[in-house]
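Chemist: Give me a model of this one.
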Amino acid sequence: MFNGSMPTTVDDDGRFFIDRDGNLFAYILNYLRSSQLALPEGFSNLDGLAVEADFYQIEPLIQAINNIKHPPRPKAQYGHLLEVIEIRTGSTATMPTNNSRIKTIISGRRNVITSLPPCYVGGIERLQSRDLESYVELELNGSNIRLRLAEYLHNSGWTLMDSHVSSSSGYDTKSMISTLIIGLYSCHWFWIIFSFEYILSRASEAGSPTNRPGSDKTRGQG
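Modeler: Sure, this is the predicted structure:
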């Protein structure tokens, strides 16, 4: 515009006259100052602002406006889920000490559980199902097994999605304990194999649908 490549209009004082929307130019000028697109709440003239940004050929601003008009979709993730539950049962005097009766259970795909080190899951021959894709439950044994397994999963790249703690009380007629406390600790771990966005872009490059989630080719990845 100012190098002579485009026709321009200059007033008597040598100032350039640009016949564009003055109100929208305020947002463009602020963007040039801060490199940030700041719009007031309820701003509804994105189309007009996009036209102005295109006129001035400010590519980062054009992209910022497009991101507002068409927000990028979050990446859909494909992976494996593990649930670990620990149940502690005892009296108020023993909860949550080592005198409590503790039962720890892990749930998930059989092939995922069997891939964990034996020091955490023990003998995998206890898993009855032969279908590697089936979901199974397995009781874990060992001192502080829930914490040791959580440490292993975290250090191995698993993501803790959520965790919950709950408790209830009652009367045990057999042991004559006035208050029976049941504490439940549960957590869910997720292992990301790939994102749908990545797989779809790779599949489009290759021109082949074999990389889609759930196909034979992708099941061996991870």
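Chemist: any chance you could map the helices in the protein?
Modeler: Assigned helices in the chain, in chain order: 22-34, 46-56, 59-69, 110-114, 118-121, 145-155, 196-206, 216-219 (criterion: DSSP state H).
Chemist: Walk me through the domains of the chain.
Modeler: 9-69, 77-195 (automatic domain parsing).
Chemist: which intervals of this protein have sub-threshold pLDDT?
Modeler: Along the chain, segments meeting pLDDT under 70 span 1-8, 73-76, 91-100, 123-133, 170-182, 194-222.
Chemist: before we move on, the earlier item: highest average neighbour count across the helices of the chain?
Modeler: helix 110-114 (a mean of 18; mean count of other Cβ atoms under 10 Å). Just so you know, the C-beta spots here come from the backbone N, C-alpha and C atoms, and that holds for glycine as well.
Chemist: which ones are touching Ser34?
Modeler: With contact set as Cβ atoms under 8 Å, 6 or more residues apart in numbering, Ser34 has no partners.
Chemist: The chain should start at 29 in everything you say after this.
Modeler: In the new count, where the first residue is 29, that last one comes out as Ser62.
Chemist: Distance of it relative to Ile56?
Modeler: 12 Å (Cβ to Cβ, to the nearest Å).
Chemist: what do you get for His216?
Modeler: With Cβ to Cβ as the criterion, His216 and Ile56 are 47 Å apart.
Chemist: I'd like the helices of the chain as JSON lines, with distance to Asp40 appended.
Modeler: Below are the helices of the chain laid out as JSON lines (distance: least, Cβ to Cβ, whole Å):
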{"stretch": "helix 50-62", "distance to Asp40": "20"}
{"stretch": "helix 74-84", "distance to Asp40": "25"}
{"stretch": "helix 87-97", "distance to Asp40": "32"}
{"stretch": "helix 138-142", "distance to Asp40": "78"}
{"stretch": "helix 146-149", "distance to Asp40": "84"}
{"stretch": "helix 173-183", "distance to Asp40": "72"}
{"stretch": "helix 224-234", "distance to Asp40": "56"}
{"stretch": "helix 244-247", "distance to Asp40": "70"}
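Chemist: Quick one: closest of those to Val164.
Modeler: Distance to Val164, taken as Cβ to Cβ, is lowest for helix 138-142 among those, at 4.9 Å.
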